[in-house]
Each structure stands twice: as structure tokens, then as C-alpha cells.
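Trainee: mind folding the following:
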Amino acid sequence: MPRFTLFVVLALSAAVLGCGFDPGGQPGADGPVTTAGPSPTALRLASARAATIASGTARTAFTANVSPASGAVTRVAGEGTVDFGTERGVSTIHLSPLVPGGSSATPTLDTIFDGDVVYIRSPLLDLLGIETPWLRIDRTSLPPAGIGTGLGDLSTLPDTDQLAPLGFLAGVEAASVEVQGSEEIDGVATTHLRASVDLRSAATAAGAGDLGRSLTELDAGNLTVDAYLDHDDRLRRLVYDHPLPPALGGGWQRFQVEYFAFGTPVDIDLPALDEVTDLGAVVGGDR
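Mentor: Just a heads-up that it's a prediction; the model follows:
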């Protein structure tokens with residue numbers, strides 16, 4: 001399995017999750033009053049994170065075009081459901097583009113998120129000798145170096161929680177926000193905005209230490225994002241490019257996620273204990 005493969009599927013899974021970040025304070029709230037301030041357009045984008053989270057739940061569709069430094073471009077797609085309030089979500093990623101030679105049955109990677117914990121299920125896990133249906137990964141207890149299991153260096157992967165696209169909006173640089181026009185997405189009129197995101201500011205505003213670590217590992221101080229907002233200022237689509245970690249050979253990934261069907265009922269059950277192998281057991285060689 002290529003080293004970037006698991007990065008791709010976990011990063012994709014991460015991005016379908018919006019998380020329950022508390023909206024940060026308004027810029028300059030504690031400083032001196034000035035006549036200049038963020039434009040109405042910038043304020044609209046700044047409010048999009050809270051407006052989207054306030055919807056409670058949403059369905060998602062996402063794609064990633066992965067361009068490793070060596071190798072052909074690969075496009076991976078999937079869909080999911082997210083509960084912003086409980087920070088739980090589910091997703092399915094279609095892996096056939098990552099399987100050499102193709103297959104009559106389309107392999108998938110199913111993901112369940114629960115706070116800092118992510119559960120993954122896929123036929124590809126059989127290649128690692130994992131006998132249970134699910135692999136459980138607790139991002140707070142990952143080893144600091146490669147784990148030597150064929151999974152690559154998971155410590156270099158973005159966190160599977162708190163690195164949601166909505167988190168990026170906390171770091172938008174107000175002066176950079178520009179209107180690019182309008183576009184209809186699945187029959188919904190949206191405004192297309194483009195902005196630069198300071199990733200470290202996003203981590204600070206979101207109040208998530210793990211997010212800050214992930215953004216540092218991405219080795220990118222800023223991202224340019226294209227955000228599409230509906231008339232309620234909810235995020236309907238977000239598109240951005242980001243570098244793949246040097247530890248995984250470098251290259252780039254273009255990610256697009258869409259949010260829709262806001263308020264969809266969500267009922268997410270976690271796997272039973274006897275259906276799960278903990279990553280710690282894999283690392284320790286004790287299954």
C-alpha cells in the first residue's frame with residue numbers, strides 16, 4: 001500500500017467532520033476603537049462557521065485530488081453525515097482509485113468519529129492482519145514516530161478531529177476576503193468568496209491544541225480557500241489546496257467538501273468492544 005494512501009483516506013475522513021468549535025471573539029474586541037474594520041463581506045465569512053454549526057447536522061460529499069511528488073494524480077471521493085453538536089460523524093470513502101488493477105467490488109473505507117477517537121473499517125485492513133472489523137485510533141495517544149505496521153507514520157497525519165474545514169474559517173484574514181461571483185450548487189444560490197487563512201491563527205481561535213499540531217505538521221502557514229455561502233451564510237462548499245507532509249514524500253492535495261441537507265436526523269452507534277482492535281495493540285504486537 002503506498003505511504004500516502006492511508007494519509008489520503010484519513011485526511012478525507014477528517015475533512016467531512018465539522019466540529020463544535022465555539023465562535024472566536026471579533027477582531028479588535030479588546031483593543032482601541034477604530035473607524036476601520038472588517039468589510040461586510042469579511043464579516044459574512046467570519047460568521048459562516050457559527051451559522052453552519054448552528055444547523056446541528058448536515059450531510060456531506062467530498063473529493064480529493066492527490067498529487068504526490070512522485071506518481072500520478074489520484075481522485076478519491078466519498079460522502080458522510082456529521083453531528084456538529086456531539087462531534088460525531090460517519091463517512092464512506094470509495095477506494096477503487098487506490099487499488100492497483102481495479103476490482104469487481106468497489107473497496108471502501110468506513111469511518112466513525114467520536115471526539116478524539118476515530119474508528120475505521122475497510123477490506124484493506126485485512127492486509128495488515130487485523131482480524132476485527134474495526135480499527136480504533138485515539139489521536140491523543142499516537143506514538144511520536146513511525147509505528148512499523150505498514151500504516152506509515154501516523155504521527156505525521158492530520159488529526160481526525162478538530163481539523164475540519166470549518167475550523168479553517170477561524171483563521172481567515174479579513175483584508176484578504178474577495179467576492180468571486182455567484183454559483184448555484186445543487187439548486188441553491190451561493191456567493192463565492194476567496195480568502196487567505198492563517199492556519200496558526202485558526203488553531204488559536206479554535207482553542208484546539210491538536211489542531212495546532214496538525215497545522216504545523218502540514219508545513220503550511222497559510223492556505224487560500226474558496227468558500228461558497230448560501231443566503232443564511234452557511235458553508236455549502238469549501239475548496240483548498242494543501243501540501244502533503246514531507247514525511248510522506250511531499251506533493252499536494254486539492255480538497256473539496258460540500259455541506260447540504262442541514263438538520264438531517266443523525267443516529268450514530270459506536271462499534272461493540274469485541275468488534276474493535278485498538279491501534280495500541282497493533283503497535284505493541286498484541287491483538
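Trainee: please report how far Thr191 lies from Asp230.
Mentor: In this structure, Thr191 and Asp230 are 8 Å apart, going by Cβ to Cβ, to the nearest Å. In short, each C-beta sits where N, CA and C put it, glycine included.
Trainee: for Ile53, same thing?
Mentor: Remark: distance between Ile53 and Asp230 (Cβ to Cβ) = 14 Å.
Trainee: could you report the neighbour count for Glu184?
Mentor: Burial of Glu184 is recorded as 9 neighbouring residues (other Cβ atoms under 10 Å).
Trainee: just checking, it touches Tyr228?
Mentor: No - counting by Cβ atoms under 8 Å, Glu184 does not reach Tyr228; the two are 9.8 Å apart.
Trainee: joint contacts of the two?
Mentor: Thr190 (Cβ atoms under 8 Å, 6 or more residues apart in numbering).
Trainee: so, low pLDDT: which residues of the stretch 51-200 of the chain?
Mentor: Segments of the stretch 51-200 of the chain classed as low confidence (criterion: pLDDT under 70) are 97-106, 139, 142-164.
Trainee: hey, where'd the strands end up in it?
Mentor: All strands of the stretch 51-200 of the chain, identified by DSSP state E, counting those that start in this stretch, fall at 57-68, 74-83, 88-94, 108-114, 117-121, 134-138, 178-185, 188-198.
Trainee: ok, which of these comes nearest Thr264?
Mentor: Between Thr264 and these, the tightest spacing by Cβ to Cβ is seen for strand 57-68, at 5.2 Å.
Trainee: CA-only coordinates of the closest one, as PDB, when you get a sec.
Mentor: Output in PDB follows, covering the C-alpha atoms of strand 57-68 (Å, rounded to 0.1, in the frame of the first residue of the first chain):
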ATOM      1  CA  THR A  57     -26.300  18.300  11.400                       C
ATOM      2  CA  ALA A  58     -25.600  18.000   7.700                       C
ATOM      3  CA  ARG A  59     -24.800  15.600   5.000                       C
ATOM      4  CA  THR A  60     -21.500  15.900   3.100                       C
ATOM      5  CA  ALA A  61     -19.900  15.000  -0.200                       C
ATOM      6  CA  PHE A  62     -16.200  15.300  -0.700                       C
ATOM      7  CA  THR A  63     -13.400  14.700  -3.200                       C
ATOM      8  CA  ALA A  64      -9.600  14.900  -3.000                       C
ATOM      9  CA  ASN A  65      -7.300  15.100  -6.000                       C
ATOM     10  CA  VAL A  66      -4.000  13.800  -4.600                       C
ATOM     11  CA  SER A  67      -0.800  14.800  -6.500                       C
ATOM     12  CA  PRO A  68       2.200  13.100  -4.800                       C
END
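Trainee: right, and the helix or strand after the helix or strand encompassing Tyr259?
Mentor: For Tyr259, the element it lies in under DSSP states H and E is strand 251-260. Sequence order places strand 276-278 as the next helix or strand after strand 251-260, per DSSP H and E.
Trainee: quick one, what contacts Arg88?
Mentor: Neighbouring residues of Arg88 by Cβ under 8 Å, 6+ apart: Val82, Ile112, Phe113, Asp114, Gly115, Val266, Ile268.
Trainee: contact partners for the closest residue to the second one other than its chain neighbours?
Mentor: Nearest-residue entry for Ile112: Tyr119, 4.4 Å, with adjacent residues in sequence omitted and distances by Cβ to Cβ, 6 or more residues apart in numbering. Tyr119 makes contact with Thr111, Ile112, Phe113, Trp134, Leu135, Arg136, Ile137, Leu270, Pro271, Val276 under the criterion Cβ under 8 Å, 6+ apart.
Trainee: find the nearest non-adjacent residue to the third one, please.
Mentor: With Cβ to Cβ, 6+ apart as the criterion, Phe113 has its nearest non-adjacent residue at 4.5 Å, and that residue is Gly89.
Trainee: could you give the number of residues near that neighbour?
Mentor: The number of residues packed near Gly89 is 28, by other Cβ under 10 Å.
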